[in-house]
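**Q** below is the sequence, then the predicted model.
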Amino acid sequence: MIFPGEDLLYEVSFFGIKLGTIRIVTEGIEKIDGNYVFKTKAYINSYPSIPFLDLQGVFNSWMDSTASYSFKFTSSIKQKGLWFYEQVIFDHNKKLIQVDKFKKNEKYYSGVIHTEKKWNDGLSLFFFAREYTKSNRRVKTPTFMDKDTSYTLINFHGKRESVKISSIAYPVKTVNFYGKAEWTGIYGLTGFFEGWFSDDDASIPIKAKLNVYVGSINVELIKWSRKGWVPPKG
């Protein structure tokens with residue numbers, strides 16, 4: 001499922017108003033503490049034409065080959081004209097999470113969480129869901145967000161549905177799932193969510209519904225690059 005070179009672009013909308021884009025790139029394989037890990041990156045950008053929204057962010061995640069947990073996470077987010085940087089190290093040998101936050105290159109927060117569990121970050125969670133889409137299981141996966149640990153509840157019930165989006169000329173064969181984020185992420189992302197992933201080996205996210213500050217938003221695939229992948233017909 002994890003495919004180096006994969007590049008997915010999504011458009012975010014709210015009641016038909018196009019707010020911005022999310023781009024998720026699988027960059028390749030790296031090594032952390034003797035472990036081979038997958039490096040992924042996400043870019044979030046609001047459209048300049050939206051007066052009430054100014055959001056820019058770059059997120060990096062280093063995760064294990066099954067997308068079950070993270071080794072490292074970094075983020076750079078622009079808020080009110082200032083850039084904030086975060087680095088999270090998941091040290092599995094020492095059984096701790098090291099969190100450092102910076103504002104204009106000055107550290108303003110440093111904390112350590114001791115834990116026996118292995119945790120997903122916000123970006124690796126995207127790949128975790130893809131990995132378990134067809135598992136027909138209910139899972140409660142440990143999730144690290146901001147400065148604290150929490151959980152994400154997901155029901156991979158395996159229901160097949162045909163989904164129509166504007167970027168694809170025909171209905172796409174998908175697998176549906178839904179869940180609840182027991183944490184609050186970027187732009188107030190929290191609570192109920194629902195997703196439709198392609199019903200094939202790639203499990204490409206086709207469409208999602210998420211709850212943020214403004215309410216329920218739609219996220220749809222508008223462009224993709226993955227060698228050999230064609231959206232399965234529903």
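**A** Received the coordinates, thanks.

**Q** quick check: which element contains Thr141?
**A** In the assignment (DSSP states H and E), Thr141 maps to strand 138-145.

**Q** what's the angle from the helix or strand following that strand to strand 138-145?
**A** Using DSSP H and E, the next helix or strand after strand 138-145 towards the C-terminus is strand 148-163. Using axes from the mean of the first three to the mean of the last three C-alpha atoms, to 10 degrees, the inter-axis angle of strand 148-163 relative to strand 138-145 is 130 degrees.

**Q** in stretch 170-185, what counts as buried?
**A** 172-177, 179-181, 183-185 (16 or more other C-beta atoms under 10 Å). C-beta here means a position set from N, CA and C on the backbone, and glycine is covered the same way.

**Q** nearest to Gln87, of those?
**A** Gln87 has its nearest neighbour among the buried residues of stretch 170-185 in Gly185, at 16.8 Å by C-beta to C-beta.

**Q** now for Phe14: which residues touch it?
**A** 214-218 (C-beta atoms under 8 Å, 6 or more residues apart in numbering).

**Q** tell me where the chain has strands.
**A** Taking DSSP state E to define them, one finds strands in the chain at 7-14, 17-32, 35-46, 56-63, 70-79, 82-91, 96-103, 106-114, 138-145, 148-163, 172-181, 191-198, 205-212, 215-225.

**Q** measure stretch 223-234 end to end?
**A** End-to-end span of stretch 223-234 (C-alpha to C-alpha, to the nearest Å): 19 Å.

**Q** and it, how far out from the chain's middle?
**A** The chain centroid and the centroid of stretch 223-234 are separated by 19 Å under C-alpha atoms, centre = their mean, to the nearest Å.

**Q** buried residues in it, which are they?
**A** For stretch 223-234, burial by neighbour count (16+ other C-beta under 10 Å) applies to 224, 231-232, 234.

**Q** also stretch 142-152?
**A** 143-146, 151-152.

**Q** and which of these is nearest to Gln56?
**A** Using C-beta to C-beta, Asp146 is the member of the buried residues of stretch 142-152 that lies nearest Gln56, at 17.9 Å.

**Q** give me the nearest residue to Ile201, chain neighbours excluded.
**A** One correction, residue 201 is Asp, not Ile. With C-beta to C-beta, 6 or more residues apart in numbering as the criterion, Asp201 has its nearest non-adjacent residue at 6.9 Å, and that residue is Met1.

**Q** OK, contacts around the one you found?
**A** Contact analysis of Met1 by C-beta under 8 Å, 6+ apart lists 67, 127, 130-131, 201-203.

**Q** just to revisit the earlier point, now the strands of the chain in a markdown table, with distance to Asn120 and mean pLDDT?
**A** Shown next, in a markdown table, are those (distance: least, C-beta to C-beta, whole Å; pLDDT from 0 to 100):
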| stretch | distance to Asn120 | mean pLDDT |
| --- | --- | --- |
| strand 7-14 | 19 | 97 |
| strand 17-32 | 15 | 95 |
| strand 35-46 | 12 | 96 |
| strand 56-63 | 8 | 97 |
| strand 70-79 | 6 | 94 |
| strand 82-91 | 9 | 95 |
| strand 96-103 | 12 | 97 |
| strand 106-114 | 14 | 96 |
| strand 138-145 | 5 | 96 |
| strand 148-163 | 7 | 96 |
| strand 172-181 | 11 | 97 |
| strand 191-198 | 14 | 97 |
| strand 205-212 | 16 | 97 |
| strand 215-225 | 19 | 97 |
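
**Q** among these, which is nearest Leu123?
**A** Judging the strands of the chain by C-beta to C-beta, what sits closest to Leu123 is strand 56-63, at 3.8 Å.

**Q** pull up the pairing partners for that closest one, direction included.
**A** Its sheet considered, strand 56-63 pairs with strand 35-46 (antiparallel), strand 70-79 (antiparallel) by DSSP bridges.
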